[in-house]
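1. Have a look at this fold, sequence not included:
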């Protein structure tokens, strides 16, 4: 089966975040980047499905030149080839625009399955996979823990709220958005890293994909959250601190 | 020119966040001078629609069809799309639940729109709506402005509006039967299940003591269990703790777990944010 994995490169999790000069996004000048964590789980699921059923895993990524590093790492883990939608102004697009480009890049390839993370660590909209499914006219399911391919269909374990789960079956092709932690992530082997160097990364421009529409949802400004929560540290030994805490909970928060 | 609030129910039970979303709708409607309508979607939802109609609303839509008995992304998208084309709202609000994450982006796409998800506040400046949401798992906030011809779609974060602010009233209920066909609904859902015997409902807990990866070893858990017991609190944990099997997943909170709105939330060695898949490499809520 032919499996596409849509991945995103995002700032390292502990990056210092400061609004840039425009005030509309963060200053990325000194940041390091990595694969979006849920996307890493989507890649892992794709690689495991390929091990079971054979076929091909193709990585799909939109982003600037630096995204090539993240793509190369995915190839080193075992993906067969990649498509890089090369663009510097990813932030100028909204989810619909990004999903349109990703969809245009995969449509001609006729994949059996498209996997991506349930959301990105930076924007966190949690929509790209769902919108891709709608644009491609294929079924989807979100927050997936496991996927089992059957004859022409896929049966998934979907996480619901409050510790509930549900199995859902749908015909292929389909789009799934994967939950973090649903698998154990593999490391790239030395052999894998060596092999990745000769694997194909096809670079395409948004224009070659028919372009993307102007954003309908635009970020006007970003800022550090106004702290409505306060942290208070109680000093002293456990007994004193506990007494202070009980006092606060009784008379300020009034929950005890 | 109305606001449409899409309420969530499952098997005849309301999702608690439905009322918070309705309260947000009422407040935005009052600020904008817009009528507010609510929609209940499912099968056999007459009682729920009547209950919703005891709130201050212009109308309650009872969107009913046999094929809406179990939730499916395809079925719900088609039904709500049809309702929106009839009711013509300018703003559609949802609770930011797992179910809404599953179908609302698809629905918005049908109107060439983008769902603004996980919204924590909304402002109206000179008639223009700004939606506030979080980025980088709560480390950054941002204002989002939506343009375009279709209605604005937004899902609201748990606890961002309080259900106790709801205004009562009396609204007419209008039945709406969408045209659905079984062959267009591609997802075949099975009966939901739980993996462990369930002992707790964190979403209803008033006090929660929560642990993260900083607890280091499973053998340290009793310390926190004792603390929770002393407070009369429920014990919760972040994803790594539940993934490790130290606590059952029903105790998981945070973005990949449940969004909770207790009066007190005490974190032990974890980072308090709302993003799924969070790990606890950061320990900025570490207290000792």
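-> Yes, it's here. Fair warning: this is a prediction, and the values are worked out from it, not measured in the lab. Numbers count the residues shown, from 1 in each chain, chains lettered A, B, ... in the order given.

2. Residue B:186 - that's part of a strand, no?
-> No: counting by DSSP: H, G, I helix; E, B strand; the rest coil, residue B:186 is located in no strand; its state is coil.

3. Would you check that it makes contact with residue A:141?
-> No: taking contacts as CB atoms under 8 Å, residue B:186 lies outside contact range of residue A:141: 9.9 Å. In this view, the C-beta of every residue, glycine as well, is placed from N, C-alpha and C.

4. Can you read off the pLDDT for the residue sitting furthest away from the middle of chain B?
-> For chain B, the residue at maximal distance from the C-alpha centroid (CA atoms, centre = their mean) is residue B:219, at 34.5 Å. With respect to pLDDT, residue B:219 scores 88.

5. what's the answer for residue B:173, then?
-> In this model, residue B:173 carries a pLDDT of 98.

6. mind listing what it touches?
-> B:49, B:50, B:53, B:59, B:60, B:61, B:62 (CB atoms under 8 Å, 6 or more residues apart in numbering or on different chains).

7. Quick check: which ranges of the stretch 51-200 of chain B have low pLDDT?
-> Along the stretch 51-200 of chain B, segments meeting pLDDT under 70 span B:196-199.

8. again, only using 80
-> The stretch 51-200 of chain B contains residues with pLDDT under 80 at B:126-127, B:195-200.

9. which residues of it fall in strands?
-> B:59-64, B:91-95, B:115-125, B:128-135, B:140-146, B:152-156, B:173-176, B:188-189, B:193-194 (DSSP state E, counting those that start in this stretch).

10. between these, which gets nearest to residue B:210?
-> strand B:128-135 (18.9 Å; CB to CB).

11. residues making contact with that closest one?
-> So strand B:128-135 is in contact with A:122-124, A:220, A:222, A:225, B:28, B:91, B:116-124, B:140-146, B:152, B:154, B:274, going by CB under 8 Å, 6+ apart.

12. Show me how far stretch A:72-81 is from its chain's centre.
-> Relative to the centre of its chain, stretch A:72-81 is centred 16 Å away, using CA atoms, centre = their mean, to the nearest Å.

13. and if you look at stretch B:159-176?
-> Per CA atoms, centre = their mean, the centroid offset for stretch B:159-176 relative to its chain is 15 Å.

14. what bridges to the closest residue to residue B:38 other than its chain neighbours?
-> Residue nearest to residue B:38 in three dimensions, not counting chain neighbours: residue B:5, with 4.7 Å by CB to CB, 6 or more residues apart in numbering or on different chains. Beta bridges link residue B:5 to residue B:38, residue B:93, judged by DSSP bridges.

15. For residue B:5, grab the count of nearby residues.
-> 30 (other CB atoms under 10 Å in any protein chain shown).

16. burial count for whatever residue of the stretch 101-250 of chain B ends up closest to chain A?
-> With CB to the nearest CB as the measure, residue B:250 is the residue of the stretch 101-250 of chain B nearest to chain A, at 3.1 Å. Residues near residue B:250, counting by other CB under 10 Å, number 22.

17. was I right about it contacting residue B:200?
-> Yes: taking CB under 8 Å as the definition, residue B:250 is a contact partner of residue B:200 at 6.0 Å.

18. still on that earlier bit, just the buried ones from the contacts of strand B:128-135?
-> A:122-124, A:222, B:28, B:91, B:116-122, B:140-146, B:152, B:154, B:274 (16 or more other CB atoms under 10 Å in any protein chain shown).

19. According to the record, where do the domains of the chain fall?
-> If you meant another chain, say so; for now it's chain A. A:2-209, A:226-256 (automatic domain parsing).

20. oops, chain B please
-> B:3-184, B:202-268.

21. if we can go back for a sec, can you tell me which of the domains of chain A has the worst average pLDDT?
-> domain A:226-256 (a mean of 78).

22. you'd agree residue B:153 is up against residue B:106?
-> No: Residue B:153 is beyond contact range of residue B:106, at 10.7 Å (criterion: CB under 8 Å).

23. can you give me the strands in chain A?
-> A:2-7, A:9-11, A:33-35, A:56-63, A:81-86, A:113-117, A:140-149, A:153-159, A:164-171, A:174-178, A:201-204, A:217-223 (DSSP state E).

24. how far is the lengthiest helix in chain A from where the chain is centred?
-> In chain A, assigned by DSSP state H, the helix with the most residues is helix A:37-53. Offset of helix A:37-53 from its chain centre (CA atoms, centre = their mean): 13 Å.

25. Same question for stretch B:84-94.
-> 18 Å.

26. can you check stretch A:130-140 too?
-> 16 Å.

27. That one vs chain B: in contact?
-> Yes: Stretch A:130-140 is in contact with chain B by CB under 8 Å from any CB of the partner chain, via A:130, A:131, A:133, A:134, A:135, A:139, A:140.

28. list the contacts for the third one?
-> To tie it back to what came earlier, the one meant is residue A:133. So residue A:133 contacts A:114, A:139, A:140, A:174, A:175, B:106 (CB under 8 Å, 6+ apart).

29. Same list, those residues, but as CSV with distance to residue B:21 and neighbour count please.
-> Shown next, in CSV, are the contacts of residue A:133 (distance: CB to CB, whole Å; neighbours: other CB atoms under 10 Å in any protein chain shown):
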residue, distance to residue B:21, neighbour count
A:114, 31, 29
A:139, 27, 25
A:140, 24, 27
A:174, 29, 23
A:175, 27, 28
B:106, 19, 25
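
30. number of nearby residues for residue A:89?
-> Counted with other CB under 10 Å, residue A:89 comes out at 9.

31. Next, give phi and psi for it.
-> phi -110, psi 50 (degrees, to the nearest 10).

32. and what of residue A:121?
-> The phi/psi pair for residue A:121 (degrees, to the nearest 10) is phi -70, psi -20.

33. does it really touch residue B:138, like I thought?
-> No: Residue A:121 is beyond contact range of residue B:138, at 11.3 Å (criterion: CB under 8 Å).

34. neighbour-wise, which of these two wins?
-> Legend: neighbour count by other CB under 10 Å for residue A:121 and residue B:138, higher for residue A:121 (25 against 20).
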